[in-house]
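A.B. asks: turn this into a model:
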Amino acid sequence: LREHRLAHAGAYTEDTARHMAHQLASALAYLHARGIVHRDIKADNIGVQADDKLQLFDWGEAVTLGEVAAMGDRELSRRVGVAGTPLFMPPESLNHLTRRPSEDGGGAGGGPDGVPGLRSTLTPALDVWGLGTVVYYVLAGRDIFLGDSAWELEELADVVNCSSGVSLPEGAAASYAARDFLRRCLERCPARRAGAKELLA
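C.D. replies: Numbers count the residues shown, from 1 in each chain. From the prediction side, this is the model:
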């Protein structure tokens, strides 16, 4: 998708973004209903076929919620761990990596210090944040984070935990509905982030 977007920039409109967002939300709703979390949703892991049909790949980090529930914390940390690419990770994963308290006190599985536990980050909400990063890229033609400094986890955590949230760059053409869809995907608190099935509606 990244290469296709760069090569066909003029063909990428909000209608294209809507078509692609619907496909991805449908795929995620299907996976999540079966207890599967992909854990690395980003433009680089999506293929574009004829008629802008998408194909999701790179399943190496996918987990089932059943296997997560069956593991103890130590085994979970050793066998599953945090996955994904820092530039596309949701706040709860970044906060877990940087040992920062989260705004919602860590959520289920969080520690007494409010830092999200690994178990609390392994939810379908993780994939929905990824969906938001993809739609953002399709609409804006760039990733949410740019530049070398974005690779530093502490700086990433600062940005994604910003109370103003993540918004499209100035000048990006997008309707209120598109911006609202993004806002619901890129909600920093996973408990308040929309589910894939809800986004389809």
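
A.B. asks: after the helix or strand bottoming out on mean pLDDT in the chain, which helix or strand is next?
C.D. replies: The helix or strand of the chain with the poorest confidence is helix 153-160; it has a mean of 67 (mean pLDDT, DSSP states H and E). Following helix 153-160 in sequence order, the next helix or strand is helix 176-185 (DSSP states H and E).

A.B. asks: now that next one: mean pLDDT?
C.D. replies: On average, the pLDDT along helix 176-185 is 94.

A.B. asks: gap between H19 and A173?
C.D. replies: With distances taken as CB to CB, to the nearest Å, H19 is found 16 Å from A173. Every C-beta, even on glycine, is put in place using the N, C-alpha and C of the backbone.

A.B. asks: now the helices for this structure?
C.D. replies: Under the criterion DSSP state H, the chain contains helices at 2-7, 14-33, 65-70, 73-79, 91-98, 118-121, 124-140, 153-160, 176-185, 196-200.

A.B. asks: so what's the residue count around F145?
C.D. replies: When neighbours are counted by other CB atoms under 10 Å, F145 registers 17.

A.B. asks: quick check: closest non-adjacent residue to it.
C.D. replies: Closest residue to F145 apart from its sequence neighbours, by CB to CB, 6 or more residues apart in numbering: L87 at 5.1 Å.

A.B. asks: is the one you found in contact with Y137, as I believe?
C.D. replies: No - counting by CB atoms under 8 Å, Y137 is not a contact partner of L87; they are 10.8 Å apart.

A.B. asks: common neighbours of these two, please.
C.D. replies: The overlap between the contact sets of L87 and Y137 (CB atoms under 8 Å, 6 or more residues apart in numbering) consists of D143.

A.B. asks: more neighbours: these two, which one.
C.D. replies: It is Y137, of L87 and Y137, that has more neighbours when counted by other CB under 10 Å, with 22 against 14.

A.B. asks: tally up the residues packed near the residue lying closest to that one once chain neighbours are set aside, please.
C.D. replies: Leaving aside its chain neighbours, Y137 sits nearest to A43 (4.9 Å; criterion: CB to CB, 6+ apart). Using other CB under 10 Å, the number of residues around A43 comes to 20.

A.B. asks: tell me the pLDDT at A43?
C.D. replies: 95.

A.B. asks: so where's this structure uncertain?
C.D. replies: Counting by pLDDT under 70, the chain shows low-confidence ranges at 100-115, 146-155, 157-164.

A.B. asks: A9 is in contact with G141, isn't it?
C.D. replies: Yes - with contact defined as CB under 8 Å, A9 reaches G141; the gap is 6.2 Å.

A.B. asks: which of the two has more residues huddled nearby?
C.D. replies: Ranked by neighbour count (other CB under 10 Å), A9 and G141 place G141 first, with 13 against 9.
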